[in-house]
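Novice: sequence unknown, structure follows:
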């Protein structure tokens, strides 16, 4: 990244730089992979570029369906230009199928198709290990108004319908995903962060039996191998679709 751009923030998977326009930022996707709140770390060459390309295409698709996002344009392979937003410190997780932490924390059997999408909200705080949080606690902490929280939940449900259809078209089942939102300069809520195999759980529908083949970060979490191959497969399918 050119030295004239100031590093504003560096997270586990991305760096955010200033832009010549004060209401924009440059987001650079890193090759780092983390899991279990960064207790497990590794680097995969080409991962940042794949996540950036996949996220850009998905953001473009969502914008075509009138979902407000921070995404503006691709700058190059692993970098995009986005609106500068104030991130709301909540992680919104929507689940279509029971898997992972939901099954560890409840008596719901892994692989259960949920009658309706389940939305779990987590406080975005590494020191507290991103705890599950209630609506009442959100109001108590004055993170955002109940009106804005309802708006975010409504947007998340709309995004789920769009993404389920999008991924089904490329033979993927959307099991669950994590979203982050923020406020733009006009105090409007927009979708931020990224949408990629890093924060979506995606199962390959091309399997002839009930075998689960993950094409997402579970390949890293669960030591399955083939992470770059899985992300490359998703990117290729998206390119064939558009």
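Specialist: That came through fine. None of these values were measured; they are calculated from a predicted model.

Novice: for this structure, give me the ranges with low pLDDT.
Specialist: Counting by pLDDT under 70, the chain shows low-confidence ranges at 1-4.

Novice: domains of it?
Specialist: Listed domain ranges for the chain are 7-83, 86-241 (source: automatic domain parsing).

Novice: can you give me the first-to-last residue distance of the first one?
Specialist: Just to be clear, that refers to domain 7-83. For domain 7-83, the separation between the terminal residues is 16 Å (CA to CA, to the nearest Å).

Novice: what about the strands in the chain?
Specialist: 7-10, 14-18, 24-29, 32-35, 40-43, 71-76, 79-83, 86-87, 90-97, 113-123, 172-179, 181-183, 189-191, 200-204 (DSSP state E).

Novice: closest to residue 57 out of those strands?
Specialist: Closest approach to residue 57 among the strands of the chain (CB to CB): strand 71-76, 9.3 Å. Heads up, the C-betas are built off the backbone N, CA and C, glycines and all.

Novice: which strands and helices lie in contact with the closest one?
Specialist: Strand 71-76 makes packing contacts with helix 47-64, strand 79-83 when contacts are defined by 3 or more CB pairs under 8 Å, 6 or more residues apart in numbering; DSSP states H and E.

Novice: buried residues, the first one. List them.
Specialist: Right, the one you point to is helix 47-64. 47-59, 61-62 (16 or more other CB atoms under 10 Å).

Novice: ok, so of those residues, who is nearest residue 167?
Specialist: Each of the buried residues of helix 47-64 was checked against residue 167 using CB to CB; the closest is residue 58, at 9.3 Å.

Novice: now that closest one: how far from residue 164?
Specialist: Between residue 58 and residue 164 the distance, using CB to CB, to the nearest Å, works out to 12 Å.

Novice: who's in contact with the lengthiest helix in the chain?
Specialist: Longest helix of the chain, by residue count under DSSP state H: helix 146-169. For helix 146-169, the external contacting residues (CB atoms under 8 Å, 6 or more residues apart in numbering) are 58, 61-62, 65, 67-68, 88, 90, 92, 94, 96, 117, 119, 135, 138-139, 144, 173-174, 177, 179, 181, 189, 191, 195, 200, 202, 205, 241.

Novice: among those residues, name the buried ones.
Specialist: Burial by neighbour count, 16+ other CB under 10 Å: within these this picks out 58, 61-62, 67, 88, 90, 92, 94, 96, 138, 144, 173-174, 177, 179, 181, 189, 191, 195, 200, 202.

Novice: and the end-to-end length of stretch 189-200?
Specialist: Its first and final residues considered, stretch 189-200 spans 21 Å by CA to CA.

Novice: now swap in stretch 69-81 and tell me
Specialist: Its first and final residues considered, stretch 69-81 spans 12 Å by CA to CA.

Novice: list the buried residues of it.
Specialist: Along stretch 69-81, these residues count as buried under the neighbour rule (16+ other CB under 10 Å): 69, 70, 71, 72, 74, 75, 78, 79, 80, 81.

Novice: measure how far stretch 106-125 is from the centre of its chain, please.
Specialist: Centre-to-centre, stretch 106-125 and its host chain are 16 Å apart (CA atoms, centre = their mean, to the nearest Å).

Novice: flag every buried residue along it.
Specialist: Using 16+ other CB under 10 Å, the residues of stretch 106-125 that count as buried are 120, 121, 122, 123.
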